[in-house]
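Q: Here's a sequence, model it:
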Amino acid sequence: MTKQKESYTIARLVRGETFEILVDPDNALKYKMGEKVPISKILIYEEIYTDAKKGIRASEEQLLKAFKTKDKLAIAAKILAEGTLQITSEQRHRLIEEKKRQIIEFISKNAVDPRTRLPHPPQRIELAMEQAGVSVDPFIDAKEQATKVIEKLSPILPMKVGMTRMYVRVPGEFVGKAYGLLKNVGKILKEEYKGDGSWVGEVEILVGLQADLIEKLNKLCSGRAEARPME
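A: Got it, this is the predicted structure:
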């Protein structure tokens, strides 16, 4: 398959050493965002590289050591799922604009002007975000980012939001994955490690994030985490 240079990008995963694949930008991004796209339609070449730009292929020994398999499609799937994907400037702009729209929509629905008790219009929120120099991450969930955005906007745009406290318990084997989510989505007020290695904490979050937090924790922890509003 022949492609012009600008029609592909690189996905990269470091496992002791660097492994790279050449991918179709649009299909790779769809896959990264959760769409089911066959790996064969993402790869430009069915090859695993240690340096794609120089065309240096990974040896079978290197692949076996890092991935325990020589199956290039299976390895490519791991690189896409666990690694980083370079995106084009056009893709980045599009993703950021869409994520910003989602953040503004969430804030407009979950925060009010304490003086009028009415929601702030989306345009006012957008102007305040520009004034505060808010940067939007195209790959982090909009609702997770909203909490930090509200904090930055508060000195510029008075806001009142409904907050709630959640009791959270995470089995020890999942703490590494779950802790980052909890820090991103709210404020950890109390935390404690139990004798069995599990983590127990009290987390303050926006009321509108309760269902999302419970769903994401269950997904991260294979349904073994516990999260509920504090009484």
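
Q: so residue 217 touches residue 168, yeah?
A: Yes: contact status for residue 217 versus residue 168: in contact at 7.1 Å, counting by CB atoms under 8 Å. For glycine as for every other residue, the C-beta is placed from the backbone atoms N, C-alpha and C.

Q: Are there residues contacting both of the two? Which ones?
A: Common contact partners of residue 217 and residue 168 (CB atoms under 8 Å, 6 or more residues apart in numbering): 178, 225, 227.

Q: JSON lines for the residues you listed, including pLDDT?
A: Compiled in JSON lines, the shared contacts of residue 217 and residue 168 are given as follows (pLDDT from 0 to 100):
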{"residue": "178", "pLDDT": "93"}
{"residue": "225", "pLDDT": "94"}
{"residue": "227", "pLDDT": "93"}
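
Q: Let's see which of these end up in helices.
A: In this view, the shared contacts of residue 217 and residue 168 that belong to helices under DSSP state H are residue 178.

Q: Now for the shared contacts of residue 217 and residue 168, which sits with the most neighbours around it?
A: Greatest neighbour count in these, by other CB atoms under 10 Å, goes to residue 225: 23 neighbours.

Q: how much space between the closest residue to it other than its chain neighbours and residue 207?
A: Distance criterion CB to CB, 6 or more residues apart in numbering; nearest residue to residue 225, sequence neighbours excluded, is residue 217 at 4.2 Å. Separation of residue 217 from residue 207 (CB to CB, to the nearest Å): 17 Å.

Q: try residue 230
A: Taking CB to CB, one finds residue 230 at 13 Å from residue 207.

Q: before we move on, the earlier item: which of residue 217 and residue 207 has more neighbours?
A: residue 217 (24 against 12).

Q: Do you know the pLDDT at that one?
A: What the model reports as pLDDT for residue 217 is 93.

Q: which parts of the helix or strand that it is a member of are buried?
A: In this structure, residue 217 sits in helix 210-220 according to DSSP states H and E. Going by neighbour count (16 or more other CB atoms under 10 Å), the buried part of helix 210-220 is 212, 213, 214, 216, 217, 220.

Q: Fine by me, thanks again.
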